[in-house]
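Trainee: predicted model, plus sequence, below.
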Amino acid sequence: MRCPFCRHPDSRVVDSREAEEGSAIRRRRSCLSCGRRFTTMEEASLRVLKRSGVAEPFSRAKVIAGVRKACQGRPVRDDDLALLAQRVEDAVRSAGSAEIPAEAIGRAILGPLRELDEVAYLRFASVYLAFESLSDFETAIAALRTETAGARRDDDPAERAGPGGAGDRGRRGGSNYLNIVESGTGRDHPAAGEYEVVEALGAPVDT
C-alpha cells in the first residue's frame, strides 16, 4: 500500500480490526520510509452491472439518495434509510457474486422499503415496476391490503388455530419478490435496474 504522505510503495500493518459489522477490515499502517501512519479499509468487491453494460462499485449512498426521494414528506429518519441500505447490501452480497445486475438491487430495495413506509414503497415501485395506469396503483394497493390483513390474522392466536390458519401464511409474499411483482403489476419485467431508478427519482447520476 503506497503511503499517502511520501508515496513510498511499502508499509506495514500495525493493527487490524473489523468494521461495518464484519463486512470490512480497518487496517492501521505505518510507512517504512517516513514512519507516518494511515488507515485503510478493505472489503469484498461488489460491482453493479447496469443495463448499458457499464459496471460500477455498489454504493449505499446511491441507494439512500434514491429512496430518500421516495420518502419525501414521510416520517422516515436518516437512521431508517441507513439501515435500509445496509439490508439491501447484505441481501445482494449474500448471493456470493462479485458482480450483480442493477435489477437485483431494485428488488432488494422493495421489501425493506415496504416495511418502512408503504407510501414511499408505492412511489418507488411505480418507477421501478413501470406503472402505466391508475389500475397498476390499485393492484399494488390491493396487494398491500391483502398482505396487511394476512399479517393481522397471523398475529391473532384464534385465527392461527382456526381452519387455514397455518396455510394462509403461504399466500403472503414474505420475500422481497413482492406480491405485485408476482401478479404482474406494471410491465412484464422492471423497466430499469435500481441505479437507473435512483437516477429517475432524482439522485445524482455519478457516484
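Mentor: Cool, got the structure.
Trainee: from A24, how far out is the residue most central in space within the chain?
Mentor: In the chain, the centroid-proximal residue (CA atoms, centre = their mean) is V88; its distance is 2.7 Å. Distance, V88 to A24, using CB to CB, to the nearest Å: 16 Å. Bear in mind the C-beta positions are built from the backbone N, C-alpha and C, glycine included.
Trainee: show me where pLDDT drops low in this structure?
Mentor: 20-23, 150-207 (pLDDT under 70).
Trainee: now stretch 129-140: buried residues?
Mentor: L129, A130, F131, D136, T139, A140 (16 or more other CB atoms under 10 Å).
Trainee: tell me how far the ends of that stretch are from each other?
Mentor: End-to-end span of stretch 129-140 (CA to CA, to the nearest Å): 10 Å.
Trainee: surely I100 is within a strand?
Mentor: Yes: according to DSSP: H, G, I helix; E, B strand; the rest coil, I100 belongs to a strand.
Trainee: wait, it touches K50, no?
Mentor: No: using CB atoms under 8 Å, I100 is not in contact with K50, being 10.9 Å away.
Trainee: more neighbours: which of these two?
Mentor: Between I100 and K50, counting by other CB atoms under 10 Å, I100 is the more crowded of the two (21 against 17).
Trainee: the closest residue in space to the more buried one that isn't next to it in sequence: what secondary structure?
Mentor: By the measure of CB to CB, 6 or more residues apart in numbering, the closest residue to I100 outside its immediate chain neighbours is V92, 5.3 Å from it. With three-state DSSP as the basis, V92 sits in helix.
Trainee: V14 now?
Mentor: Going by three-state DSSP: V14 is strand.
Trainee: that one: how many residues sit nearby?
Mentor: 10.
Trainee: residue contacts, it?
Mentor: Contact analysis of V14 by CB atoms under 8 Å, 6 or more residues apart in numbering lists R28, R29, S30, R37.
Trainee: surely the last one touches R27?
Mentor: No: with contact defined as CB under 8 Å, R37 does not reach R27; the gap is 10.6 Å.
Trainee: looking at these two, which is more packed in?
Mentor: A count of neighbours by other CB under 10 Å puts R27 above the other of R37 and R27, at 18 against 14.
Trainee: is it correct that the more buried one falls within a strand?
Mentor: Yes: counting by three-state DSSP, R27 is located in a strand.
Trainee: right, and V63 touches A85 too?
Mentor: Yes: with contacts counted by CB under 8 Å, V63 reaches A85, the gap being 4.5 Å.
Trainee: ok, these two, which is more surrounded?
Mentor: Taking neighbours as other CB under 10 Å, V63 and A85 compare with V63 leading, 27 against 22.
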